[in-house]
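[1] here is my input, please return the structure:
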Amino acid sequence: MQKGTQSDWQIRLLLGAILWLMVLVVWVKGSLGWEVRSLSLIVQAFHTLIICFNTLFSLLSIVNADHPDGRMIYGHGQRETLATFVLIALLTLMTVLFASMFVPQLLAIAQRQPLPFDLQIGIPLVQLLGMISAIPLGLACFCGYQARQLNHPILAFNTKQLFIETGLSFFVMAGLWGVWFGEPLIDLIVALILWLVALDRVWQVIAWQFPLLVEQTAIAPDVLAAIARNVDGVKRCDRIRSRGIVGQFVYLQMHLIIDHHYEPLTHELVRELEAELRRRYGALQVTFYVESDRE
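    Residues are numbered from 1 along each chain as shown. Coordinates of the predicted model:
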């Protein structure tokens, strides 16, 4: 018998919707930024792209945690490696693009010369950005609600990223208002701040997500086996695998052999063991493979 998190499909559906909508936001912001030659808006689009990668890593982490055959739960495979390399490549490309646009504009402003990239900021642009910014705000509120209802740290982390994205969107809009009133230097200042924030976001996404993807043992198997054997009715616990960070989020797989006299109480035994594991190690997702010693 396999016991998994029954809310997995809800989390996958939510993360899939977030990923799809945020890709749409990236496309709109990137297109508008390139059209009006706003460096701050282009960097903001890249920050939104980082949110997309964070959501993708979260989705892969949850999908890879569910392996019915019970052989492996480690998720560090070709998809995660490819996504990481793509993110690093985009970061490198954006660094070159940012420098090629930032330096000429800064020199032109300092020398009081015409801008090499003429900013075309207007009220309709700011209004459109306001409507687009409502998407991550709505997603952040709904994701935060689901994170509290399901008590899921991955959703909580994605909620935090979405709220940061929303705050930065309004920050960019405020900067564009300043540009519209005749201060092009504001666009460069906002872009520089956003770029520093984007670098920090990339690091935080990798630091938070990769322990859930990379093969590493989070909790010693013999310790988990001892905890399982302390539950009345559990005769043996083996084939134990774990990954993640204790206190942040941990994935577990455990194969339990129970006394056949306790078969009618299997669900109670599993709930008792899961409650004890949560009490000791905090947030986790655990999959039990249960057999009777009669089998």
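[2] His255 versus Ile121, what's the distance?
    Distance, Ile121 to His255, by CB to CB, to the nearest Å: 61 Å. Backbone N, C-alpha and C define where each C-beta goes, glycine included.
[3] so those two - more neighbours on which side?
    Set side by side, Ile121 and His255 show more neighbours around Ile121, with 21 against 17, by other CB atoms under 10 Å.
[4] wait, what's in contact with the more buried one?
    Ile121 sits next to Val36, Ser38, Leu176, Val179, Trp180 when contact means CB atoms under 8 Å, 6 or more residues apart in numbering.
[5] looks to me like it is in a strand.
    No. Using DSSP: H, G, I helix; E, B strand; the rest coil, the assignment for Ile121 is coil, not a strand.
[6] tell me the confidence at it?
    Listed pLDDT for Ile121 reads 76.
[7] now swap in Ala140 and tell me
    The model reports Ala140 with a pLDDT of 93.
[8] how near is the spatially closest residue to Asn151 that is not a sequence neighbour to Ala228?
    Of all residues not flanking Asn151 in the chain, Ala283 sits nearest, at 7.1 Å (CB to CB, 6 or more residues apart in numbering). Ala283 sits 19 Å away from Ala228, going by CB to CB.
[9] before we move on, what about Leu252?
    11 Å.
[10] same thing with Asn158?
    31 Å.
[11] over to Val246?
    Distance, Val246 to Ala228, using CB to CB: 17 Å.
[12] what does Glu276 give?
    Glu276 is 9 Å from Ala228, by CB to CB.
[13] the more surrounded of these two?
    Taking neighbours as other CB under 10 Å, Glu276 and Ala228 compare with Ala228 leading, 24 against 14.
[14] give me the residue at the spatial middle of the chain.
    Residue closest to the mean C-alpha point of the chain, counted by CA atoms, centre = their mean, is Asn54 at 3.3 Å.
[15] my guess is that residue contacts Val205. True?
    Yes. Judged on CB atoms under 8 Å, Asn54 makes contact with Val205 at a distance of 4.5 Å.
[16] which secondary structure elements does the helix ranked longest in the chain contact?
    Assignment by DSSP state H gives helix 78-110 as the longest helix of the chain. Packed against helix 78-110 by the contact rule (3 or more CB pairs under 8 Å, 6 or more residues apart in numbering; DSSP states H and E) you find helix 39-64, helix 185-209.
[17] buried deepest among the ones you listed, which one?
    Greatest average neighbour count among the helices and strands packed on helix 78-110 goes to helix 39-64 (a mean of 24), per mean count of other CB atoms under 10 Å.
[18] run the angle between that helix and helix 185-209 for me.
    Here helix 39-64 runs at an angle of 10 degrees relative to helix 185-209 (axes from the mean of the first three to the mean of the last three CA atoms, to 10 degrees).
[19] just the CA atoms of stretch 249-259, as PDB, please.
    C-alpha atoms of stretch 249-259 as PDB (Å, rounded to 0.1, in the frame of the first residue of the first chain):
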ATOM      1  CA  PHE A 249      11.400  20.600   3.600                       C
ATOM      2  CA  VAL A 250      12.200  16.900   3.400                       C
ATOM      3  CA  TYR A 251      11.000  14.100   1.000                       C
ATOM      4  CA  LEU A 252      10.900  10.600   2.500                       C
ATOM      5  CA  GLN A 253      10.300   7.100   1.300                       C
ATOM      6  CA  MET A 254      10.000   4.200   3.800                       C
ATOM      7  CA  HIS A 255       9.100   0.500   3.300                       C
ATOM      8  CA  LEU A 256       7.300  -0.900   6.300                       C
ATOM      9  CA  ILE A 257       6.700  -4.500   7.300                       C
ATOM     10  CA  ILE A 258       3.900  -4.700   9.900                       C
ATOM     11  CA  ASP A 259       2.700  -7.500  12.100                       C
END
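[20] hang on, isn't Leu125 packed against Val179?
    No. Using CB under 8 Å, Leu125 makes no contact with Val179, being 10.1 Å away.
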